[in-house]
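Enquirer: Just to be clear, the model below is a prediction. Sequence and coordinates:
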Amino acid sequence: GRAVTAASQVTKLKSQAEALRRQVVDAEEVAFAKLDAIEVEHGQKDEEISLLQGKLQASGDELQSARSERDALQARLGVAGVMISGMNAELRGVSAGIWDALGGLG
């Protein structure tokens, strides 16, 4: 009787062990699937970050370009201002000459 009981207990333990082994395998599969999903998500985040960095770089380049244009315009305005001042001085000189000439006539 004891041998049968022992054998049935061994069989029962073996089936429990097999059930546990299957649970462990299932849990591992779930864990690996989660890891894969995390890796995929991480890859997507890396791509998004790269895209954002690219956009940021492009924005920075545009800003730098706009600043350069502004500086060039300011320089041209400065040159134009100097030219206008020079023309005003010439005009004053011409008008003074005209007044002198007119005064000389009078």
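Expert: Received, thanks.
Enquirer: all helices of this structure, in order?
Expert: With DSSP state H, the ranges of helices along the chain come out as 2-105.
Enquirer: Could you check how many residues crowd around Lys14?
Expert: 10 (other CB atoms under 10 Å). Backbone N, C-alpha and C define where each C-beta goes, glycine included.
Enquirer: I meant to write Gln16 there.
Expert: 10.
Enquirer: Distance check, Leu51 against Glu29.
Expert: Separation of Leu51 from Glu29 (CB to CB, to the nearest Å): 33 Å.
Enquirer: just Val94 next, same as before
Expert: Distance from Val94 to Glu29, by CB to CB: 96 Å.
Enquirer: Also Ile84?
Expert: In this structure, Ile84 and Glu29 are 81 Å apart, going by CB to CB.
Enquirer: Then Leu102?
Expert: Separation of Leu102 from Glu29 (CB to CB): 107 Å.
Enquirer: With Leu73 instead?
Expert: Counting by CB to CB, the separation of Leu73 from Glu29 is 66 Å.
Enquirer: same question, Ser59
Expert: 45 Å.
Enquirer: now do Ile38
Expert: With CB to CB as the criterion, Ile38 and Glu29 are 15 Å apart.
Enquirer: just Asn88 next, same as before
Expert: Distance from Asn88 to Glu29, by CB to CB: 87 Å.
Enquirer: Next: Lys45.
Expert: Lys45 is 25 Å from Glu29, by CB to CB.
Enquirer: Repeat that for Gly43.
Expert: Distance, Gly43 to Glu29, using CB to CB: 21 Å.
Enquirer: same question, Arg2
Expert: Arg2 is 40 Å from Glu29, by CB to CB.
Enquirer: Low-confidence regions, the chain specifically.
Expert: 106 (pLDDT under 70).
Enquirer: 90 instead?
Expert: By pLDDT under 90, the low-scoring segments of the chain are 1-4, 6-7, 97-106.
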